[in-house]
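>>> let me see the structure of the following:
(chains A, B and C, ligands or ions: 5)
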Amino acid sequence: MSFKTVERKPLTFAERTYVPQIVNGLMTTFKKMVKPNETLEYPEARPPIPEGYRGVPTLVKDPNGREKCVSCQLCEFVCPPKAIRIKPGEIDPTSDSAHVEKAPEAFDIDMLRCIYCGLCQEVCPEEAIWLQNVFSLSGYTREEMVNDKDKLYELGGTLPDKHFKWDQKKAAEDRGNAAH
Amino acid sequence: MIDLYLNLPVWVQATIKGLIAIGVLIPVAGACSMAERKVSAWIQGRPGPNRAIVPWVAWIPFVGKALQRLGVFHLMADGAKFVFKEDVVPGHVNKFYYYVAPLVALIPALCTIVVVPFGAYIDATTETLKPLILADVDVGILAVFAIGSLSVYALILAGWASNSKYPFLGGVRASAQLISYELSMTLSVIPVFLWVNAPGGNGTLSLFDVVESQSQAGFLGGMWFIFLMPMCAFIFLVALFAETNRQPFDMPESESDLVGGFHTEYGEFKWSLFFVAEYVHMTIGSGVFVLLFLGGWNPLPWIPLEMVISSMPMWLGALVGVGCFLGKTFFFIFFFMWVRWTLPRFRYDQVMKLGWQKLLPLAIANVIFYALAIAMIELS
Amino acid sequence: MIQPAKPDLVTVFIDGKEIAVPKGTNVIEAARMVGTDVPHYCYHPKLTVAGNCRMCLIELGMPMADRATREPIMDPETGKQKINWIPRPQIGCGTTVVPGMHVKTQSPMVKECREGVMEFLLINHPLDCPICDQAGECKLQEQATGYGRGYSRFIEQKNVKPKRTQLGPRVTLDDERCVLCSRCIRFCQEVAKDDVLGFVDRGSYSTLTCYPGKELTNNYSLNTVDICPVGALTSTDFRFKMRVWFLKQSNSICTESSVGANTVVWSREGVIYRITPRQNDEVNDTWMADSGRILYKEVQSGNRLKPTSDLKTSVAAAGSLLQDGAVAVVGSGRSSVEEQFLTAKLAKQLGATSYIVARHGEEDGLLISKDRNPNTRGALVTGLISDLPATELSDLSADIDAGKVTTILSVGEDLTAAGLSAEQLAKVTLVYLGSHANATSAAAKVIIPTLTVFEKSGSFINQQFRLQKFASTIPGLAGAADDRVVLDQLLADVGGASAGSDLPSVWAELSAQIPAFANTAYANIPATGLLLDSSNWSGLDFPEGESLHFKPAAAEATA
Ligand code: SF4
Ligand code: SF4
Ligand code: SF4
Ligand code: SF4
Ligand code: FES
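Residues are numbered from 1 along each chain as shown, chains lettered A, B, ... in the order given. Ligands and ions are numbered 1, 2, ... in the order given. Coordinates of the predicted model:
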């Protein structure tokens, strides 16, 4: 038997006149009326962004100002709506981070496509792409909604780093060269 | 100045009165629409409209800000929007009636104001209380009912002229609903006038006299009719909600099942006329209720206006009277809104059932009961 | 054709599956035949076995027999002969099958061996995958997924080795990633015959390097990149250009010479990123020349011909010119079989003599032959020409001078390179079909832009008379038309019977009209090509010398 007849209590006379219910309702709404607002007045007041919030994806630099992305293109691969477009490039051999070898020449995220899934952040082996707390994004043209590399670094800023993998690598290289 | 006014030809006087009526009622209707948005917002825990501001007002300290928070300029912006919006007329409408309908809605609504007294003053020469009214005619409440019920034509006309399904359904509902509730409404005021018109005296239907009879001395004489005849007041109130198409009786609009009901095909200024008409109805309905059951301009039960203002200059007395009346009316308008944002809408069949099977028998029983009661009091 | 003698078969048991494999097969190959993959790094089917990576360890066993009586010892439980498993694992690459051999490739011991080898390989391996071009096609990554432990027990400092060494003009070496398999060294010694690579230092300090004073410059150097199982050797041209997992692979044929090396063209969104060899044991094994790998650059080159009017108009203009004068048709040894066939048909319809231009270059005895046209044989088979072409069009030149030819249709051939002078070109009306601008297109009255080999499909016949097909890799340049379509429309315009320009229709005609193609359809050409009967042309003296898997007919006859 997939259905069950619910026995309903017959309405009392007072209930059938609606009046007590209406009065009750009016009391409730009146109470609400004198209570303070539940809403935020958005552009001035902003909600606190909780830890782990997935806002606009951004590129970050490490505390030494080195761009962390090495253009491995894993995020481009994993991105479900194909919002990410990367043109890999080689780091100038005279630069301080030449030992990292690879960095993006161009890095575009089409925010009209992005679904804020956070897979790019999850897949990134260099912890270079982060969905941070920017959540309101607007533009007048489609082009404006494509964040290029400069914009992404501007939005991303610098995040703390635990590993300093490439710095360690360079130190090891220097040690090794000194031993020879 | 009053003499100057009284010396003007009658038609000029009439025009001035008319302009004043329009000049007061339409802003009140606008303010009502604003209030409606604010009340709904407060009930829902929001601040409501609070953004629009005119630059030079913004420069006024505090006041500018307060007006902005109150959303006053949204009202103006809305009004301007209605005026300047593109006049879209669907191709399938009956043009003539389509244009006439909003006028038919607004004109009766504005007309009823003339027979509604909105205050009283003590006439210096006769030392008696005189009503502040545009046309002091004896038929009073009858005129209100007669003219007010004309507005149903507007809805029917709009629904029919729109030549489309939802407005048509809206129009049909409007006509059925207004007719059903008009009966109960009329019946519900009969006991009031039975009470006002003592046998043998001059019969009157004037609303001023109704207020007067609530300002007598003594326990019964100073009692407002809402206490004397609560059932009448209740029936009148319910019928009033139905007559003004307010929630929970807004069947003709009923946006959840009829899109917009009778005004689905209307936009910009024409639509705003319907809107204004609705609020004017509400205002006048509230006013009539106040006059009939809440002692009109009397500040408190058993404290008639005359008592309060007899020692004041005439103009101040008049102001106090108007103030009392408007205060009660505005509270009533607020009550309308409060109910609107509290109750869900009835189903159409429930509306009909309520009107014919509950309210009408109740109203009839009510009339009979009070007729007998008053007869007994009179006879004893 | 002589059937190859039936090889002696040897029956072995791999994970209990019985299979007969040719004698001399090693265990890795035998396992591959039953569909089992034995992971390996140093073994390469086309190179000698070095056996130094130890990734291919397997368990080996032989049926037990009584030493004295040679009687098989039976297992009473199963009723089968007992297997004598060798207690230590053996390398699969270096073990040749013997009859009755039993192999375990999935046993716990084998798994443990693989995990051990992986752990050792990874202790000094850098964490470079994000910047490593091999990622995605890296054997080390693949095996680490199967046999890696997922974290490292190695807490010491990793080795530091040279990174970014230029081994030669086209190859970059990252020594830290090298797993010391020596495939590259063996390739240079055995295939390229240019012994320049070797290991220096010992143990975990072993480092791959070029011998002092030498460089990896030979024209086959990029094959080391292909066979390097990890990202140690990378192509300087492809370095950091694109991730391999984004690339679409299409089968193609190298157009560099009449060898017709099988290739894979890797592209993404209409852009070609690299060309690698495709295994064809009858033609190029798994190799190809470096010079053939950069041919894709012609697609994006600045002198591509761009359309100036729509195809209909230009075909009509060309058609009216061709019908007016005395016409000669210069076809091309670079055109596909289908295009040459249509060219021949067009020439016949116009009553024109047809030529192709021969192109000769140095041959290297491996994968570049003297004939630098990929499809000279196609022109012979389709009847575009009946004799071997010359590098100079002297007959045509004489005809022009004599006024016997007033209009020339050139299918992608630069006539000035074929010995015609600018004055001669000025004397005639030129119609040019081609993909790139040159002196001839500059002199032409009507130019119809066409596609490069990467943008169209078709087939070539290589020096072995092997019919091999290639598929279009990327969409054609906007507005440029497929040569087949243009030729077919021209044919229709000058009054010929068009049978449709799509591959199936052209092949229906080809198989009906060309005896060598009887019963052949484009779709049926195998991926490794179809060897045609070449006896009709055995009298011709083809220019090619000996190369990989090819002996000239004359040499074969004397042999
Ligand atoms: S952001 Fe991270 S995942 Fe994306 S390319 Fe850069 S390093 Fe790779
Ligand atoms: S958040 Fe998701 S959709 Fe947006 S860029 Fe990253 S992977 Fe793509
Ligand atoms: S060789 Fe393979 S495992 Fe090593 S860094 Fe490159 S991709 Fe990664
Ligand atoms: S460079 Fe590559 S092919 Fe050469 S030994 Fe190292 S891993 Fe093997
Ligand atoms: S493949 Fe057998 S030892 Fe390397």
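
>>> touching ligand 3 at all, the lengthiest strand in chain A?
Secondary structure assigned by DSSP state E gives strand A:102-110 as the longest strand of chain A. No - Strand A:102-110 does not reach ligand 3 (C-beta under 6 Å from any ligand atom); its nearest approach is 11.8 Å. Backbone N, C-alpha and C define where each C-beta goes, glycine included.

>>> quick check: closest non-adjacent residue to whatever residue of chain A ends up closest to ligand 4.
Of the residues in chain A, the one nearest ligand 4 is residue A:101, at a distance of 17.2 Å by C-beta to the nearest ligand atom. Spatially, and ignoring its direct neighbours in sequence, residue A:101 is nearest to residue C:131 (5.2 Å; C-beta to C-beta, 6 or more residues apart in numbering or on different chains).

>>> okay, now the unreliable bits of chain A?
Flagging of chain A using pLDDT under 70 yields the residue ranges A:1, A:180.

>>> now the residue nearest to residue A:101: phi and psi?
phi -110, psi 10 (degrees, to the nearest 10).

>>> from what I see, it and residue A:72 are in contact.
Yes - using C-beta atoms under 8 Å, residue C:131 is in contact with residue A:72, at 6.7 Å.

>>> now residue B:63, nearest residue through space, not along the chain?
residue B:57 (7.9 Å).

>>> residue B:64 is in contact with the one you found, correct?
Yes - counting by C-beta under 8 Å, residue B:57 does reach residue B:64; the two are 4.8 Å apart.

>>> is residue C:61 located within a strand, as I assumed?
Yes - the assignment for residue C:61 is a strand, going by DSSP: H, G, I helix; E, B strand; the rest coil.

>>> can you give me every residue that contacts it?
Contacts for residue C:61 (C-beta atoms under 8 Å, 6 or more residues apart in numbering or on different chains) come out as C:83-86, C:101-104.

>>> which of those has the most neighbours?
Highest neighbour count within these: residue C:103, with 27 neighbours (other C-beta atoms under 10 Å in any protein chain shown).

>>> who's in contact with the nearest residue to it once chain neighbours are set aside?
The shortest distance from residue C:103 to any non-neighbouring residue, by C-beta to C-beta, 6+ apart, is to residue C:14 (4.7 Å). Listed by C-beta under 8 Å, 6+ apart, the contact partners of residue C:14 are C:27, C:30-31, C:34, C:36, C:103, C:105.

>>> which stretches of chain B form strands?
B:119-122, B:129-132.

>>> give me whichever of these is most buried.
Among those, ranked by average contacts under mean count of other C-beta atoms under 10 Å in any protein chain shown, first place goes to strand B:119-122 (a mean of 23).

>>> so what strands line up beside it?
strand B:129-132 (antiparallel) (DSSP bridges).

>>> dump the strand it pairs with to PDB, restricted to CA.
The C-alpha coordinates for strand B:129-132 follow below in PDB (Å, rounded to 0.1, in the frame of the first residue of the first chain):
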ATOM      1  CA  LEU B 129     -20.500  71.800  14.500                       C
ATOM      2  CA  LYS B 130     -20.400  71.800  10.700                       C
ATOM      3  CA  PRO B 131     -18.900  69.100   8.500                       C
ATOM      4  CA  LEU B 132     -15.900  69.800   6.300                       C
END
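
>>> pLDDT at the closest residue to residue B:283 other than its chain neighbours, what is it?
Leaving aside its sequence neighbours, residue B:283 sits nearest to residue B:28 (C-beta to C-beta, 6+ apart; 5.7 Å). Per-residue pLDDT puts residue B:28 at 81.

>>> residue B:28 touches residue B:282, doesn't it?
No - the criterion here is C-beta under 8 Å, and residue B:28 misses it with residue B:282 at 9.7 Å.

>>> okay, those two: which has more neighbours?
More crowded of residue B:28 and residue B:282, by other C-beta under 10 Å: residue B:282, with 26 against 20.

>>> from ligand 5, how far out is the more buried one?
92 Å (C-beta to the nearest ligand atom, to the nearest Å).

>>> count of residues packed around the residue nearest to that residue when sequence neighbours are not counted?
With C-beta to C-beta, 6+ apart as the criterion, residue B:282 has its nearest non-adjacent residue at 5.0 Å, and that residue is residue B:244. By the criterion of other C-beta under 10 Å, residue B:244 has 25 neighbours.

>>> what lies in contact with stretch C:381-393?
So stretch C:381-393 is contacted by C:330-331, C:333, C:337, C:340-341, C:343-344, C:347, C:354-360, C:376, C:378-380, C:415, C:418-420, C:461, C:465, C:510, C:514, C:516-517, C:532, C:540-543 (C-beta under 8 Å, 6+ apart).

>>> for residue B:52, what are its contacts?
Here residue B:52 is in contact with B:68, B:71, B:73-74, B:76-77 (criterion: C-beta under 8 Å, 6+ apart).

>>> pretty sure residue C:364 contacts residue C:219?
Yes - taking contacts as C-beta under 8 Å, residue C:364 lies within contact range of residue C:219: 6.8 Å.

>>> neighbour-wise, which of the two wins?
residue C:364 (21 against 18).

>>> who are the packing partners of the host helix or strand of residue C:354?
Assessed by DSSP states H and E, residue C:354 sits inside strand C:353-355. If you count contacts as 3 or more C-beta pairs under 8 Å, 6 or more residues apart in numbering or on different chains; DSSP states H and E, strand C:353-355 packs onto strand C:327-330, helix C:337-350, helix C:394-401.

>>> at 10 Å instead, please
strand C:327-330, helix C:337-350, helix C:394-401, strand C:407-411 (3 or more C-beta pairs under 10 Å, 6 or more residues apart in numbering or on different chains; DSSP states H and E).

>>> want to throw these into CSV with mean neighbour count and distance to residue B:261?
Converted to CSV, the helices and strands packed on strand C:353-355 look like this (neighbours: other C-beta atoms under 10 Å in any protein chain shown; distance: least, C-beta to C-beta, whole Å):
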stretch, mean neighbour count, distance to residue B:261
strand C:327-330, 25, 80
helix C:337-350, 25, 71
helix C:394-401, 16, 88
strand C:407-411, 27, 75
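
>>> between these, which gets nearest to residue B:150?
Comparing those against residue B:150 with C-beta to C-beta, the closest turns out to be helix C:337-350 (87.1 Å).

>>> not counting sequence-adjacent ones, nearest residue to residue B:154?
residue B:105 (3.3 Å).

>>> stretch C:184-199 close to ligand 4?
Yes - using C-beta under 6 Å from any ligand atom, stretch C:184-199 comes into contact with ligand 4 via residue C:184.

>>> average pLDDT for that stretch, rounded please.
For stretch C:184-199, mean pLDDT is 95.

>>> in a helix, residue A:7, correct?
No - judged by three-state DSSP, residue A:7 forms no part of a helix; its state is coil.

>>> so what's the closest residue to residue C:20 other than its chain neighbours up against?
Excluding the flanking residues, the one nearest residue C:20 by C-beta to C-beta, 6+ apart is residue C:9, at 4.1 Å. Shown in contact with residue C:9 (C-beta atoms under 10 Å, 6 or more residues apart in numbering or on different chains): C:19-23, C:25, C:97, C:99.

>>> stretch A:7-21: how far from the chain's middle?
51 Å (C-alpha atoms, centre = their mean, to the nearest Å).

>>> shared neighbours of residue C:131 and residue A:72, which are they?
A:88, A:102, A:125-126.

>>> give me the buried subset of those.
A:88, A:102, A:126 (16 or more other C-beta atoms under 10 Å in any protein chain shown).

>>> contacting residues around residue 87?
You didn't pick a chain, so chain A it is. A:71, A:73, A:104-108, A:149, C:240-242.

>>> that was the other one, I meant chain C.
C:59, C:109.
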